[in-house]
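Enquirer: fold the following and give me the result.
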Amino acid sequence: MTVQEVITHFKEQSSPAYHAGMARFGIDSSKALGVKLPIIRKLAKNIKKDHTLAMELWETDIHEAKILATLIADPKQLTEAQMDHWTHGFYSWDVCDQACGNLFVYAPFVLDKVLEYTTSEHEFVKRAGFVLMAEYAVHQKKADDRILISFLPIIEREAWDNRNFVKKATNWALRQIGKRNTMLRKVAIDCAERILEQDSKAARWIAKDALKELSPLTP
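Expert: This next block holds a predicted model:
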């Protein structure tokens, strides 16, 4: 399939009503055609993996093309330069999260990027770092718990950041780590309780919301 064929398909499947409603979910629709995610996922299943096409689709700057790119790109072929290029181009939370969950979390250098992105001054780059933590906890089933424990000091350190898309991702990472198993739940709750003591509105929200979900799960 070619880039132009993909764009033509998306234009045929676009919905003005869906496009108008994207803003209700906090999605930046300025570059969108208005195509629902299930339609994008269905096309991705038909294409399967095509790393070259994915790289070309990303450069079209069409919202749905970028999401499709995250689904058909090959994590084994992904380079650090490509990952950085995509990450620094994030403008909407859904593109960020799709890239992290569909592709970046499976890259061999994902842990290095977690450390790098969580120190960024750019809101969506920093969000990507914490979304990767959350996705890593969910998808990397065989990962050593010590890796996830190593994320907690970063979460604690950055809990002050009040930017909406950062604090929500920080909270998400903390909750997903805590839900992985009983031992991690305990250390995540301990982390949340320390964060709760920080003199920051964002930190208190992150901690309270995490504790609300994790504490009832404790035996």
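Enquirer: what sits against the residue nearest in space to the middle of the chain?
Expert: In the chain, the centroid-proximal residue (Cα atoms, centre = their mean) is Asp97; its distance is 2.8 Å. By Cβ atoms under 8 Å, 6 or more residues apart in numbering, the contact set of Asp97 is Val131. Placement of C-beta: from N, CA and C, glycine included.
Enquirer: distance check, it against Ala203.
Expert: In this view, Asp97 and Ala203 are 22 Å apart by Cβ to Cβ, to the nearest Å.
Enquirer: His88 too?
Expert: With Cβ to Cβ as the criterion, His88 and Ala203 are 27 Å apart.
Enquirer: ok, those two, which is more surrounded?
Expert: Higher neighbour count among His88 and Ala203: Ala203, with 23 against 13, using other Cβ atoms under 10 Å.
Enquirer: for the more buried one, give me the pLDDT.
Expert: pLDDT, Ala203: 97.
Enquirer: quickly list the domain ranges of the protein.
Expert: Split into domains by automatic domain parsing, the chain comes to 1-74, 93-219.
Enquirer: out of the ones you listed, which comes closest to Asp84?
Expert: domain 93-219 (8.1 Å; Cβ to Cβ).
Enquirer: list the buried ones in stretch 173-193?
Expert: 173-180, 184-185, 188-189, 191-192 (16 or more other Cβ atoms under 10 Å).
Enquirer: can you give me the end-to-end distance of that stretch?
Expert: By Cα to Cα, to the nearest Å, the extent of stretch 173-193 from end to end equals 15 Å.
Enquirer: hang on, the earlier thing: among the buried residues of stretch 173-193, which lie within helices?
Expert: Using DSSP state H, Ala173, Leu174, Arg175, Gln176, Ile177, Gly178, Leu184, Arg185, Ala188, Ile189, Cys191, Ala192 are the members of the buried residues of stretch 173-193 that sit in helices.
Enquirer: residues contacting the fourth one?
Expert: Residues in contact with Gln176 (Cβ under 8 Å, 6+ apart) are Met133, Ala134, Glu135, Ala137, Val138.
Enquirer: dump the ones in helices among the buried residues of stretch 173-193 into a markdown table; add distance to Lys48 and pLDDT as well.
Expert: Converted to a markdown table, these look like this (distance: Cβ to Cβ, whole Å; pLDDT from 0 to 100):
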| residue | distance to Lys48 | pLDDT |
| --- | --- | --- |
| Ala173 | 30 | 98 |
| Leu174 | 35 | 98 |
| Arg175 | 32 | 98 |
| Gln176 | 28 | 98 |
| Ile177 | 32 | 98 |
| Gly178 | 35 | 97 |
| Leu184 | 34 | 97 |
| Arg185 | 37 | 96 |
| Ala188 | 37 | 97 |
| Ile189 | 41 | 97 |
| Cys191 | 40 | 97 |
| Ala192 | 41 | 97 |
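Enquirer: helices or strands up against the helix ranked longest in the chain?
Expert: Determined from DSSP H, the single longest helix within the chain is helix 123-139. Counting contacts by 3 or more Cβ pairs under 8 Å, 6 or more residues apart in numbering; DSSP states H and E, helix 123-139 packs against helix 80-87, helix 93-102, helix 110-117, helix 145-158, helix 164-178.
Enquirer: and Pro216, how many residues sit next to it?
Expert: Using other Cβ under 10 Å, Pro216 is surrounded by 7 other residues.
Enquirer: one step back: return the most buried member of the domains of the chain.
Expert: domain 93-219 (a mean of 19; mean count of other Cβ atoms under 10 Å).
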